[in-house]
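Q: turn this into a structure:
(one chain, ligands or ions: 2)
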Amino acid sequence: MSGNQNTTPMLSIDQAVKILLAGGIVAIPTETVYGLAGNASNPESIKKIFKAKGRPENHPLIVHISSFDEIYLWAKVVPEKAKILAKKFWPGPLTMVLAKADSVNYSITGGQETVAIRVPNQKLTLEILKKMGTGVAAPSANRFGHVSPTMPSHVLEELDGLIDGVVDGGQCEVGIESTIVDLTSDTVRLLRPGRISIDELELCLGEKISINSVNAPRVPGLLKSHYAPNTPLKIIDYNQLDTEINNYIKKGFSINIWSQHKPKIENPLLFWIQAPKDPIQFAHDLYDQIRKFDKNHSDIILIEKPSIENNAWQGVLDRLTRAQAHFE
Ligand code: TXA
Ligand code: MG
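A: Ligands and ions are numbered 1, 2, ... in the order given. Got it, this is the predicted structure:
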């Protein structure tokens, strides 16, 4: 999958475990996106992650563990609500922010007193975590601010030669990063929407969840501009689709368009791909589609705005909005 020109090796589970325990950094598959993993108990590994990603060091990382029982190694306080959510959603695409245990290094938490934790639902990575006997810190395995990788080839496009290897788990099932909730105060707060929707969280806890407030902890995924392709990206309402296309064609722009509705206009400058009507499939395809569009080198990528009434689209809409913001 990586092609012969890449220098980064593909690793077996045992090789990955060995490298991680020796302080190296390895891209690992999760059900959401590929992570760039380092031993969470080793500050030197953490430093390497920041360096390879080009990420500012005050931005915290998620600790990935193999089962709920390990949570007590990382969190000082595990509220009842965290137990309820873990029971329902772990292993799975839910990250919980909790008060950190004293032993957790501040390089993971961006200097904060809280730590983000999740149990990923990917069998190769769960095996790696079990064999290591400790957690791995892993941000998405892309250069800072770019589109997250959902395939090994995506990882190599950005990090070849900068990391010690990749574990190939094929294409990620979910396709967008985990839902993040903050459980450090009485009111549960949604910090980043994902496959697990606010409706599902509220149903599980039987209470309202608030959406990220101004005082939220640092979350780079919440920078206004993030998840950005190289080509300018614009979200378009369905009823504006044909007008916008016409305007760009008049300007001589080549256009890549991903929309649920087929544009009425046909033109050699226009390259249309049918977008999935289902939010789960849309999220699954999103980053790969954006990378494919980038490779086409059109002047602009247009994406039809998905439904805002249905909360299942929140994660997708959030990523699209941030990708677009990069060009505003
Ligand atoms: O699905 C995912 O979450 C993927 C896979 C690899 O697990 N990881 C991921 O990592 O998206 P990253 O670093 O790209 O985004 C993690 C988010 C960041 O926005 C970060 O700020 C937030 O988690 N985070 C980490 N620790 C936090 C904390 N203590 N308080 C608030 N947010 C935190
Ligand atoms: Mg990321």
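Q: got the residues of the stretch 51-200 of the chain near ligand 1?
A: Within the stretch 51-200 of the chain, the residues that sit near ligand 1 (Cβ under 6 Å from any ligand atom) are 59-62, 93, 95, 97, 109, 112, 114-116, 120, 138-140, 177-178, 180, 191. For every residue, glycine as well, the C-beta is placed using N, CA and C.
Q: can you pull the pLDDT of R322?
A: You'll see R322 listed with a pLDDT of 88.
Q: now the one 4 residues further on
A: Listed pLDDT for H326 reads 78.
Q: could you give the number of residues near it?
A: Close neighbours of H326, defined as other Cβ atoms under 10 Å, add up to 18.
Q: I'd assumed N230 was in contact with it.
A: No. With contacts counted by Cβ atoms under 8 Å, H326 stays clear of N230, the gap being 9.8 Å.
Q: which parts of this protein are strands?
A: With DSSP state E, the ranges of strands along the chain come out as 26-28, 35-39, 62-64, 94-99, 114-118, 136-137, 179-182, 189-192, 210-211, 233-236, 255-259, 270-274, 300-304.
Q: want to throw these into CSV with mean neighbour count and mean pLDDT?
A: Compiled in CSV, the strands of the chain are given as follows (neighbours: other Cβ atoms under 10 Å; pLDDT from 0 to 100):
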stretch, mean neighbour count, mean pLDDT
strand 26-28, 29, 98
strand 35-39, 28, 98
strand 62-64, 26, 98
strand 94-99, 24, 98
strand 114-118, 26, 98
strand 136-137, 29, 98
strand 179-182, 26, 97
strand 189-192, 20, 95
strand 210-211, 12, 92
strand 233-236, 19, 96
strand 255-259, 23, 97
strand 270-274, 15, 97
strand 300-304, 22, 96
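Q: now the helices for the chain?
A: 13-21, 43-53, 71-74, 80-89, 106-109, 123-132, 152-159, 198-205, 241-250, 279-296, 314-325 (DSSP state H).
Q: E173: which of these is closest?
A: helix 279-296 (6.9 Å; Cβ to Cβ).
Q: show me how far the closest one is from its chain's centre.
A: Averaging C-alpha positions (Cα atoms, centre = their mean, to the nearest Å) puts helix 279-296 13 Å from its chain's average.
Q: on contacts alone, who are the packing partners of it?
A: Counting contacts by 3 or more Cβ pairs under 8 Å, 6 or more residues apart in numbering; DSSP states H and E, helix 279-296 packs against helix 152-159, strand 255-259, strand 300-304, helix 314-325.
Q: I'd like to know how far I290 sits from ligand 1.
A: I290 is 16 Å from ligand 1, where distance means Cβ to the nearest ligand atom, to the nearest Å.
Q: please name the nearest non-neighbouring residue to that residue.
A: Leaving aside its sequence neighbours, I290 sits nearest to P229 (Cβ to Cβ, 6 or more residues apart in numbering; 4.9 Å).
Q: now for that neighbour: which residues touch it?
A: P229 makes contact with 146-147, 290-291, 293-294, 301, 323, according to Cβ atoms under 8 Å, 6 or more residues apart in numbering.
Q: out of those, the closest to ligand 1 would be?
A: Closest to ligand 1 out of the contacts of P229 is H146 (10.4 Å), distances taken as Cβ to the nearest ligand atom.
Q: is it true that that closest one touches V155?
A: No. Using Cβ under 8 Å, H146 makes no contact with V155, being 11.3 Å away.
Q: more neighbours, these two?
A: Neighbour count, other Cβ under 10 Å: between H146 and V155, V155 has more, with 29 against 23.
Q: my read: R291 touches E158, true?
A: No. Between R291 and E158 there is no contact, the gap being 10.1 Å when judged by Cβ under 8 Å.
Q: so where's the stretch 201-328 of the chain uncertain?
A: Within the stretch 201-328 of the chain, the segments meeting pLDDT under 70 span 213-226.
Q: do you know how far the residue nearest in space to the middle of the chain is from L94?
A: With distances taken as Cα atoms, centre = their mean, E177 lies nearest the centre of the chain, 2.7 Å away. Distance, E177 to L94, using Cβ to Cβ, to the nearest Å: 11 Å.
Q: picking that back up, save the strands of the chain as JSON lines, and put in distance to Y248 too.
A: Shown next, in JSON lines, are these (distance: least, Cβ to Cβ, whole Å):
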{"stretch": "strand 26-28", "distance to Y248": "36"}
{"stretch": "strand 35-39", "distance to Y248": "36"}
{"stretch": "strand 62-64", "distance to Y248": "38"}
{"stretch": "strand 94-99", "distance to Y248": "38"}
{"stretch": "strand 114-118", "distance to Y248": "40"}
{"stretch": "strand 136-137", "distance to Y248": "42"}
{"stretch": "strand 179-182", "distance to Y248": "34"}
{"stretch": "strand 189-192", "distance to Y248": "31"}
{"stretch": "strand 210-211", "distance to Y248": "33"}
{"stretch": "strand 233-236", "distance to Y248": "9"}
{"stretch": "strand 255-259", "distance to Y248": "5"}
{"stretch": "strand 270-274", "distance to Y248": "9"}
{"stretch": "strand 300-304", "distance to Y248": "6"}
